[in-house]
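K.L.:
only geometry, no sequence info:
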């Protein structure tokens, strides 16, 4: 038995191959040979040193535990994911669709301990639950422009993405409800090379109930295209102001009795000038200078 190392704050990254079990023995062996090399090359291209990472491999899955030093996590979410997406595109473009390599990924952070039979701590459990969530499976099946989908925990999204530690816009992510075994929370999905907001995720992709719904950061949504030879690695999202309409309440949740007002966009706002007392109870006013 190894000595207990104690819990250390870490970033957990989990990856899983789509439909691995449906491959024959030879193809499974090829995937186990090719996947680690693709990930190593992506890490090198992203400027990441994986010599200090701890790994737990399981055929078509890989769990990586890396020190939470303030530098690695933003680069994992941003550069590493982009280079994995690019590597998958280069890998798949010379193969028939039945031999494509496609991945789901998830990231969470918190205390982790190296244990006798792997890794201990709720951080690892949450990372696994995110990887197994239905919305992530549906996102990978729904996209025809990407080979990688990523789920961030609410904590990682707010700390690292909303906090401005990556080059990614918070609006490139889509919030979805998660209910995997004992875990209930919100996850944030990103699809490098595609617009996650256009994907049909079924009930798991519907709007969140009031009280659990994260505040939007803007009304913009990215539009990204898959380009041959440059898949998501260096592409930058363009934006529009079209908001997807609500698709209904999450499964199993009671409908709220009060009305939730829709999002308001700039082109829906009317400007009026008042020079006297105004009696308008319940109205909302904004004040701006000459430029609005």
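P.N.:
Now that the structure is in, tell me what you want to look at. Computed from a prediction, not measured in an experiment: that's the story for all the values here.
K.L.:
now do the lengthiest helix in the chain: which elements does it pack against?
P.N.:
The helix that spans the most residues within the chain, counting by DSSP state H, is helix 25-45. Counting contacts by 3 or more Cβ pairs under 8 Å, 6 or more residues apart in numbering; DSSP states H and E, helix 25-45 is packed against strand 8-17, strand 61-67, helix 81-92. In this view, the C-beta of every residue, glycine as well, is placed from N, C-alpha and C.
K.L.:
gap between residue 137 and residue 176?
P.N.:
11 Å (Cβ to Cβ, to the nearest Å).
K.L.:
more crowded one of these two?
P.N.:
Between residue 137 and residue 176, counting by other Cβ atoms under 10 Å, residue 176 is the more crowded of the two (25 against 17).
K.L.:
as a whole number, average confidence for stretch 101-109?
P.N.:
Averaged across stretch 101-109, pLDDT comes to 97.
K.L.:
er, stretch 134-143 actually
P.N.:
The model assigns stretch 134-143 a mean pLDDT of 96.
K.L.:
got the contact list for it?
P.N.:
18, 102-104, 106, 130, 149, 151, 176-178, 187, 189, 191, 193-194, 196, 199-202, 204-205 (Cβ atoms under 8 Å, 6 or more residues apart in numbering).
K.L.:
out of those, name the ones that lie in helices.
P.N.:
residue 130.
K.L.:
please indicate which of the contacts of stretch 134-143 are buried?
P.N.:
Neighbour-count burial (16 or more other Cβ atoms under 10 Å) applied to these gives 18, 102-104, 106, 130, 149, 151, 176-178, 187, 189, 191, 193-194, 196, 199, 201, 204-205.
K.L.:
can you flag which of the residues you listed belong to strands?
P.N.:
103, 104, 106, 149, 151, 176, 177, 178, 187, 189 (DSSP state E).
K.L.:
of all those residues, which comes closest to residue 86?
P.N.:
Using Cβ to Cβ, residue 103 comes nearest to residue 86 of those, at 12.5 Å.
K.L.:
how far away is that closest one from residue 81?
P.N.:
Taking Cβ to Cβ, one finds residue 103 at 10 Å from residue 81.
K.L.:
cool, residue 165 as well?
P.N.:
Counting by Cβ to Cβ, the gap from residue 165 to residue 81 is 14 Å.
K.L.:
these two: which is more packed in?
P.N.:
Using other Cβ under 10 Å, the more surrounded residue of residue 165 and residue 81 is residue 81, with 26 against 16.
K.L.:
I'd guessed the more buried one sits against residue 192; true?
P.N.:
Yes. At 5.8 Å, residue 81 counts as touching residue 192 under the criterion of Cβ atoms under 8 Å.
K.L.:
identify the contacts common to the two.
P.N.:
Counting by Cβ under 8 Å, 6+ apart, the residues touching both residue 81 and residue 192 are 148, 150.
K.L.:
mind listing what residue 72 touches?
P.N.:
11, 48, 66.
K.L.:
hang on, the earlier thing: anything in contact with each of residue 103 and residue 81?
P.N.:
residue 148.
K.L.:
so where is the stretch 151-292 of the chain shaky, pLDDT-wise?
P.N.:
Scanning the stretch 151-292 of the chain with the threshold set as pLDDT under 70 gives 203-292.
K.L.:
if we go to 50?
P.N.:
206-271, 274, 278, 282-292 (pLDDT under 50).
K.L.:
and if you look at the stretch 1-150 of the chain?
P.N.:
For the stretch 1-150 of the chain, the ranges with pLDDT under 50 are 1.
K.L.:
residue 104 bridge partners, please.
P.N.:
Beta bridges link residue 104 to residue 16, residue 149 when assigned by DSSP bridges.
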